[in-house]
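Q: Have a look at this fold, sequence not included:
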């Protein structure tokens, strides 16, 4: 079973690229972030025509997440518990039935947090605390769980082209990285780091300063797996080639292959 996360940076602006990649890659489940679309404006018909069930949690102009699955959803839920006043569309989860048991996928777009001297950084840390609590509760069920998305977290120095340039950035601050490590401390596995320690495994290149051409990248898109999912991990990959396409997103797809049979 192939599961992908991709910050698409505007689904309608990238629809041609996205559907081309979807046909070529043929994943079972896709988690999209920054769809920048209301639910009713999401290009559902074009994606359903390629064989996917669609669940969106949209917002006008920014944020927004979507789950696409070849398998029907048994249940879906939008929004991350813990703050009723948070109206940002950043979280959607779905459950699908497998030949044995179920799989839960949570698609998330974690706040950026910059500039860190503003209220945006405390919001980021509070959101991460809510995600930690969600993960604690979900791990108690001992079901295969995948947290997939744009975490806006650079976990370690090897995950950024020039660590010194990012020391004061919200993505790389000590409190940010400690919060991410707390998730791993619960028993979640960073899928990519389970298969390689190599540096330069980037998922994002800024549009500015020729970052893509110079390979000045970051790894901020992650798939975190519960023990029941990580036990089934076969492979992980980054489709960095799509960053070279015309009018690309500044992020690229990251995928995992799990040894799970669909029902």
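A: Everything's here; your move. Values in this document were obtained by computation on a predicted structure and should not be read as measured data.

Q: quick one, what contacts residue 202?
A: The neighbours of residue 202, taking CB atoms under 8 Å, 6 or more residues apart in numbering as the test, are 159, 161, 215, 217-219, 238, 240. The C-beta positions use only the backbone N, C-alpha and C, and glycine is treated the same way.

Q: okay, these in CSV with neighbour count next?
A: Listed next are these as CSV, based on neighbours: other CB atoms under 10 Å:
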residue, neighbour count
159, 26
161, 16
215, 12
217, 23
218, 24
219, 24
238, 18
240, 17
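
Q: And these, which is closest to residue 31?
A: residue 238 (14.7 Å; CB to CB).

Q: Which residue is the nearest non-sequential neighbour of that closest one?
A: With CB to CB, 6 or more residues apart in numbering as the criterion, residue 238 has its nearest non-adjacent residue at 5.3 Å, and that residue is residue 254.

Q: again with residue 11
A: In space, and not counting its chain neighbours, residue 11 is closest to residue 35: 4.5 Å by CB to CB, 6+ apart.

Q: Name the SS class of that neighbour, please.
A: coil (DSSP: H, G, I helix; E, B strand; the rest coil).

Q: residue ranges for the strands of the stretch 151-263 of the chain, please.
A: 189-190, 204-205, 217-218, 221-225, 233-238, 254-258 (DSSP state E, counting those that start in this stretch).

Q: so the fifth one versus strand 221-225, what angle?
A: In terms of direction (axes from the mean of the first three to the mean of the last three CA atoms, to 10 degrees), strand 233-238 departs from strand 221-225 by 170 degrees.

Q: residues in contact with the residue nearest the centre of the chain?
A: Nearest to the geometric centre of the chain sits residue 149, at 0.9 Å (CA atoms, centre = their mean). Residues counted as contacts of residue 149 (CB under 8 Å, 6+ apart) are 5, 7, 31, 33, 65, 106-110, 221-222.

Q: Output the residues you listed in CSV, with secondary structure, distance to residue 39 and pLDDT appended to each entry.
A: Listed next are the contacts of residue 149 as CSV, based on DSSP: H, G, I helix; E, B strand; the rest coil; distance: CB to CB, whole Å; pLDDT from 0 to 100:
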residue, secondary structure, distance to residue 39, pLDDT
5, strand, 20, 98
7, strand, 18, 98
31, strand, 16, 98
33, strand, 15, 98
65, strand, 11, 98
106, strand, 18, 98
107, strand, 14, 98
108, strand, 17, 98
109, strand, 15, 98
110, coil, 21, 98
221, strand, 23, 99
222, strand, 25, 98
